[in-house]
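> fold the stuff below for me.
(2 chains)
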Amino acid sequence: MDPTTLKFTPTHEWVHLDGDVATLGISKFAVDQLTDLIVIELPKVGATLTKGKPFGEVESVKAVSDLYAPLGGEVIEINDAVAGDVQILAEDPYTKGWLVKIKVADTTALAGLLDHDAYQAKVADEAH
Amino acid sequence: MSAEVLLKTPLHDWHQAHKGRLVEFGGWSMPVQYSTIVEEHTAVRQRVGLFDISHMGRLKFDGPDALAWLEKVTTNHVARLSPGQIQYSLIVDENGGMLDDILVYNRPDGLAVVCNASNRPKVLAQFEKYRAGFDAHLIDQTFDTAMIAVQGPAGLATAQRHFDATLTDVPYYHCTSGTFLGVPALASRTGYTGEDGFELIVPNDQAEAAWNALLDAGRVFGILPAGLGARDTLRFEAAMPLYGHEMDETVNPYAVGLGWAVKLKKGAFVGREALTRFKANPGKARVGLAFDGKRIPRQGYPVKLDGQVVGVVTSGTFSPTLGQPLAMASVDLAASKSSELVVDVRGQDEPARVVPLPFYKRSSTHG
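Here you go, the predicted structure:
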């Protein structure tokens, strides 16, 4: 997935929308900040995500961090490979390291998210 | 605490220039990591790592009653120190609660204490409180000197390169004075990693030169600068207690397995009566816990036995050396005898095996 085509949350999740199916992940910046990833907990297929609420957690040696849903909807697929080996996420957060796919309830909510440039500007600010 | 008021070590500029990720720790701006915690941890276990520990308090004691004053305020027997020897000790309050854990040095230039950065004000206040009757004073050298830890199997060779005294002759928990890069310095065979190594104290204005010389000397071994993140996982595997985790003012030394650092028979000292009672009934015990899953038990998570809360996790992390989540916990004495306990990891019970401490012990010993 080309990160420049994705939408981002201020909490470092990314979204790729195709019709009413959204693929969710976390950004390279987030992965680089966390370092030393150990385990990720993802929701089950059929679970309902609520925009802005936690849908899972990623744990590093140092700390555990919640994953926040960029959009609401029903989980239709999870990335079992990442659930089994979080290093895939560490190495390739935008393609092999996607986390879940959801059937989006309200696709217009996408407009409230950051585009790549706005997200980059935000993390550049955060790094200082 | 805002960034502007944080204390900075003489190596702060170096950390910033070398991608050190700076965090607040004990009132100081300190690097938590430069690369990854696991890489830095592994460098120390297998090769050598370099830590800026200048935030630690360095107090020098002078005057004819310096020894008696230290005996009064600390729990271990200072008079037993031979020249150059160092002892682990504690400072407790009148109720036997721990104010800090410290090292007491019998340095060539006199007695000295190294204390935790965050507890330095408390330690200074405690010495002041019990100063009456002692012809002695202390000099806080924290801001005049830098302290650098060189830890790992190649720590000796790395530290020796520019030090004029022969460091291989310095036994574990002993120190020697000498010159490093031609400037007076102190080297002690101490550390907080479970590996062999040295801690060097140099004048402030020599800090960066010493740091760079050590990095250069260690390059052939694969040295890495290491931050507080790796320092924590390393001390954790070695089951070295950390103030604010295993210890605080509500914890007595016997409840953490630190009774060996209390010498009740040495004579009167602060907290002795309370500690005599705690020796008979410590109330709690420190246990090691091992987990087969991957979720990490963190400080504060409840420890349960048969559905009842019997204690709390004091430190927990993923052990880079052993490749699994591990925890230290403070539990009721009865529960500490159990071979299996359960930790509530954010609402989900994770089974834990009670295992001996330390989790990691280096194979070869020195000194």
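> going forward, measure contacts between C-alpha atoms and count neighbours the same way
Will do.
> send the alpha carbons of the host helix or strand of B:Phe61 over as PDB?
Element membership for B:Phe61, per DSSP states H and E: strand B:57-62. The C-alpha trace of strand B:57-62 is given here as PDB (Å, rounded to 0.1, in the frame of the first residue of the first chain):
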ATOM      1  CA  GLY B  57      23.600  11.300  43.200                       C
ATOM      2  CA  ARG B  58      27.200  11.300  44.300                       C
ATOM      3  CA  LEU B  59      27.900  12.400  47.900                       C
ATOM      4  CA  LYS B  60      31.300  12.700  49.500                       C
ATOM      5  CA  PHE B  61      31.600  12.500  53.300                       C
ATOM      6  CA  ASP B  62      34.300  14.400  55.200                       C
END
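> could you give the average pLDDT over it?
Across strand B:57-62, the average pLDDT comes to 98.
> residues contacting that strand, please?
B:110-117, B:120, B:136-142 (Cα atoms under 8 Å, 6 or more residues apart in numbering or on different chains).
> with stretch B:322-331 instead?
Contacts of stretch B:322-331 (Cα under 8 Å, 6+ apart): B:239, B:246, B:255-256, B:284-298, B:303, B:310-319.
> which of those are buried?
When these are checked for burial by 16 or more other Cα atoms under 10 Å in any protein chain shown, the buried set is B:239, B:246, B:255-256, B:284-291, B:294-298, B:303, B:310-319.
> return only those of those found close to chain A.
Contacts with chain A within the buried ones among the contacts of stretch B:322-331, counted by Cα under 8 Å from any Cα of the partner chain: B:294-296, B:317-318.
> of those residues, which is the nearest to A:Ala105?
When those are ranked by distance to A:Ala105 (Cα to Cα), B:Arg295 comes first, at 31.4 Å.
> what separates stretch B:82-89 from the chain centre, distance-wise?
In terms of Cα atoms, centre = their mean, to the nearest Å, the centre of stretch B:82-89 is set 15 Å apart from its chain centre.
> measure it end to end?
15 Å (Cα to Cα, to the nearest Å).
> what lies in contact with that stretch?
Under Cα under 8 Å, 6+ apart, the answer for stretch B:82-89 is B:74-76, B:78, B:81, B:101-108, B:173-176, B:261-262.
> out of those residues, which are buried?
Among the contacts of stretch B:82-89, those that count as buried by neighbour count (16+ other Cα under 10 Å) are B:74-76, B:78, B:81, B:101-107, B:173-176, B:261-262.
> from those, which land in strands?
Taking DSSP state E as the definition of strands, these contribute B:101-107, B:175-176.
> coming back round to it: write a PyMOL command that selects only the buried members of the contacts of strand B:57-62.
Selecting only the buried entries of these in PyMOL, with 16+ other Cα under 10 Å as the criterion:
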select buried, chain B and resi 111+112+113+114+115+116+117+120+136+137+138+140+142
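> which of the contacts of strand B:57-62 sit farthest apart?
Using Cα to Cα, the contacts of strand B:57-62 reach their maximum pairwise distance at B:Ala117 and B:Ala136, which is 23.0 Å.
> contact residues of chain A facing chain B?
Residues of chain A lying near chain B (Cα under 8 Å from any Cα): A:35-36, A:38-39, A:59, A:61-62.
> can you redo the residues you listed as a markdown table with neighbour count, secondary structure and pLDDT?
Shown next, in a markdown table, are the residues of chain A next to chain B (neighbours: other Cα atoms under 10 Å in any protein chain shown; DSSP: H, G, I helix; E, B strand; the rest coil; pLDDT from 0 to 100):
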| residue | neighbour count | secondary structure | pLDDT |
| --- | --- | --- | --- |
| A:Thr35 | 19 | coil | 93 |
| A:Asp36 | 23 | coil | 96 |
| A:Ile38 | 23 | strand | 96 |
| A:Val39 | 22 | strand | 95 |
| A:Glu59 | 22 | strand | 96 |
| A:Val61 | 24 | coil | 95 |
| A:Lys62 | 22 | coil | 92 |
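> just the closest of the residues you listed to B:Gly347, please.
Using Cα to Cα, A:Glu59 comes nearest to B:Gly347 of those, at 15.5 Å.
> wait, doesn't that closest one sit right on A:Ile40?
Yes: using Cα atoms under 8 Å, A:Glu59 is in contact with A:Ile40, at 6.1 Å.
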